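Asker: would you be able to build a 3D model of this:
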Amino acid sequence: MTEGAAVHRPRRFTAREAIALVSTGFTELAAPAPAPPGSYGPDGPLSWQGYDASRGRAADRTGEEESVVCGTAVVKAKDGGTTSAVLISFEFGFLGGSLGERTGDRLEAAHIYAREHRLPVVSLVATGGSRMQEGMRALVQLQRVARQSALTRAARLPQIAVLRDPTTGGGWATLGAGADVILALPGAQVGFAGSRVRPPDADPAAYTAEAQWAAGSVDAVIPERELPEVLALWLRLLSSPSTDPVPPPPALGDTVLPATGWEAVRAARAPRRPRAEAYLDAYFARRAAISGDRCGGTDEGMLCGFGARARDGRTVAYAAQTGTATRPAGYRTAARLIRLADRLRVPVLTLVDTPGAANDAEAERQGAGAAIAELFGAVAAAQTPVTTLLIGEGGSGGALALAAPDNTWATPDSYFSVIAPELAAAILKRPAEEVRATADQLRIRPQDLVELGVVRGIVERGR
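Answerer: Next up, the predicted model:
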C-alpha cells in the first residue's frame, strides 16, 4: 500500500454479531450491580451535561446497556472439537465502544468468572478508547483491566484478542496488545491513536492491522471467513497443558555420519538439506504461528508457534531457526514463545539451525546482545520441558541460546561449533588451506558432540 492511499475499512460487526461469528451457545453473564444510588449526581461523575441522555440514545440504538457484552460460549472447529471460553465483545455503536466505569465492572466480572471456572478469555475488541464524559474515572479503568488480565495470566489461563474495526486507545493498549495471541481482521484500524487525534499528515495505512502485523505487534491478520476455525484451533492448542517432555523429531536427511569436521560443515550447509519447515510439517498435524517480538520487529528466520503433534495430538510449542543469521527480533519472539509455553505448561520443541546471530550494524542497534541474553534466560528459567534438535548449522552462542542445556539432540547432517571454522582460522591467523584441519580440531561432528557430552544422542531416520 502506498503512502496516502485509501484504507479499506472492514465490516463493523455489532457485539452480538461478532459473538455469533466465532461461537455457539452464548450465555450472557449477569451484569454487575450498578453503583449505589447517590454515588454520582445526574450525568455521571463529571456531571457532564447530556451524558445520561447520550447513554439512553445509545441503549435505544444498540439494544445494549453498556459498551461490552460478556458471557460464555462454545467455540467449535470444523472437525467437531470444541472449547468453552469467556467472550468479551465490544459494542462500538454504544458511545464508540468506549470504556467507562460500568464497562470496567463488566470486564472485571468476566475475568473473575474465567478464573473461577478455568476458562480461557477471548476479547473481540472494537473501541475508541476511554470515555471522555467520565474523565479520569474512565481512564483508571485501564489499570483495573490490566490488573484483571495479570491475575488471569497468573492463573495460567490463555487470553486471545481479536481486533475488529476500530481498535484504538486504551482498549488496544490493554485487552488488545496485552493478550497472549493477537489476531486481527483485515483492514481494521489498529493503533493507540484514534483517527481524530493523530497528526494531520499521518499516513492512515500505518494505523492498520496489516501495519501492526508488519511491525511485530499482531500475530496474524485473518479473513472473516477463516476466523472461527483459526480461533478454535488456537483455543484448543492453548488449553491443553502437559508436563511430559516430547521426543525429538526423527532425521529427515542423510543418516551417514561425517568422517571429518569439514564434511560435517558441508553436510549442514548443503542446499538440499531438510530445513525447519520440513521438520515442522512432519512433526505436526496442525500448527498456528505467532509473529513478532512486540517491540517493533519480526524475523522470518525464526518460526514460532504452537502445534498438535501428528503422532498423538499433544500440544507442543515450537521455535525453529531456518538456516539464516538470526535477527534480534527472532530471539525476542522465541523468548516470548517460551515464556508463554512455560506459563501455560506446554512442552517446547526448538530446532537449531543458524550460522550465528546477525552481526551487522543494524542488529547491534536493535540490541542483539540483549535479545540473545533474553532468550538464554527464558530457556534457563523454563519449568516446562524443552527438547532441542540440531538440524543443521549450530553457529556459536546465536545457536546455543535456543538449545535445551540437558536435552539437545543432533541429526547426522549437522554440526555445532564455538565458532565457524573459517572464522577460527582467521582469528588464529592461519592460511585458508588450514580451515579444514581447524574444523577437525574444533570437534564439531555430531559424534564428537555426543562424546563431549554436548548432545544426548544422534537421531535416526523415521520409519
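Asker: what stretches of the stretch 251-400 of the chain score poorly on pLDDT?
Answerer: Counting by pLDDT under 70, the stretch 251-400 of the chain has no low-confidence residues at all.
Asker: which stretches of it form strands?
Answerer: Here the stretch 251-400 of the chain has its strands, by DSSP state E, counting those that start in this stretch, at 284-290, 302-309, 315-321, 348-354, 386-395.
Asker: switch these over to CSV; also include mean neighbour count and distance to Thr152.
Answerer: Placement of C-beta: from N, CA and C, glycine included. Formatted as CSV, the entries for the strands of the stretch 251-400 of the chain read as follows, by neighbours: other Cβ atoms under 10 Å; distance: least, Cβ to Cβ, whole Å:
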stretch, mean neighbour count, distance to Thr152
strand 284-290, 18, 19
strand 302-309, 23, 19
strand 315-321, 26, 19
strand 348-354, 27, 22
strand 386-395, 27, 25
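Asker: and the ones you listed as CSV, adding distance to Ile444?
Answerer: What follows is the strands of the stretch 251-400 of the chain, written out as CSV (distance: least, Cβ to Cβ, whole Å):
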stretch, distance to Ile444
strand 284-290, 29
strand 302-309, 23
strand 315-321, 17
strand 348-354, 13
strand 386-395, 8
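Asker: figure out which of these is closest to Leu185.
Answerer: Set against Leu185 and scored by Cβ to Cβ, these come closest in strand 284-290, at 16.7 Å.
Asker: just the CA atoms of the closest one, as PDB, please.
Answerer: Written as PDB, here are the backbone C-alpha positions of strand 284-290 (Å, rounded to 0.1, in the frame of the first residue of the first chain):
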ATOM      1  CA  PHE A 284       2.800 -31.600  13.500                       C
ATOM      2  CA  ALA A 285      -0.700 -32.400  12.100                       C
ATOM      3  CA  ARG A 286      -1.700 -28.700  12.500                       C
ATOM      4  CA  ARG A 287       0.000 -25.600  13.800                       C
ATOM      5  CA  ALA A 288      -0.600 -22.000  14.400                       C
ATOM      6  CA  ALA A 289       2.100 -19.300  14.300                       C
ATOM      7  CA  ILE A 290       2.900 -16.300  16.400                       C
END
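Asker: that one pairs with which strands, and in what direction?
Answerer: strand 302-309 (antiparallel) (DSSP bridges).
Asker: what does the strand it pairs with contact?
Answerer: Judged by Cβ atoms under 8 Å, 6 or more residues apart in numbering, the contacts made with strand 302-309 from elsewhere in the structure are 234, 236-238, 246, 276-277, 280, 283-291, 314-322, 326-327, 329-331, 333-334, 336-337, 341, 346.
Asker: got the angle between that strand and strand 315-321?
Answerer: For strand 302-309 and strand 315-321, the angle between their directions (axes from the mean of the first three to the mean of the last three Cα atoms, to 10 degrees) works out to 150 degrees.
Asker: relative to strand 348-354, how tilted is strand 302-309?
Answerer: Here strand 302-309 runs at 140 degrees with respect to strand 348-354, directions being taken by the same axes, to 10 degrees.
Asker: and strand 302-309, how far out from the chain's middle?
Answerer: The chain centre lies 10 Å from the centre of strand 302-309; the measure is Cα atoms, centre = their mean, to the nearest Å.
Asker: the residue positioned nearest the centre of the chain - nearest residue in space that isn't next to it in sequence?
Answerer: The chain has Ile290 as the residue nearest its centroid, 3.9 Å off, counting by Cα atoms, centre = their mean. Nearest residue to Ile290, sequence neighbours excluded (Cβ to Cβ, 6 or more residues apart in numbering): Asp219, at 4.7 Å.
Asker: that older thread, determine which of the strands of the stretch 251-400 of the chain approaches Ala267 most closely.
Answerer: Checking those against Ala267 by Cβ to Cβ gives strand 386-395 as the closest, at 8.8 Å.
Asker: how about the CA coordinates for stretch 46-53, as PDB?
Answerer: This file holds the C-alpha atoms of stretch 46-53, laid out as PDB (Å, rounded to 0.1, in the frame of the first residue of the first chain):
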ATOM      1  CA  LEU A  46     -18.200  14.800  36.000                       C
ATOM      2  CA  SER A  47     -21.900  15.900  35.800                       C
ATOM      3  CA  TRP A  48     -21.200  16.100  32.000                       C
ATOM      4  CA  GLN A  49     -24.300  17.800  30.600                       C
ATOM      5  CA  GLY A  50     -26.300  15.400  28.400                       C
ATOM      6  CA  TYR A  51     -24.400  12.300  29.300                       C
ATOM      7  CA  ASP A  52     -27.400  10.400  30.700                       C
ATOM      8  CA  ALA A  53     -29.300  11.300  27.600                       C
END
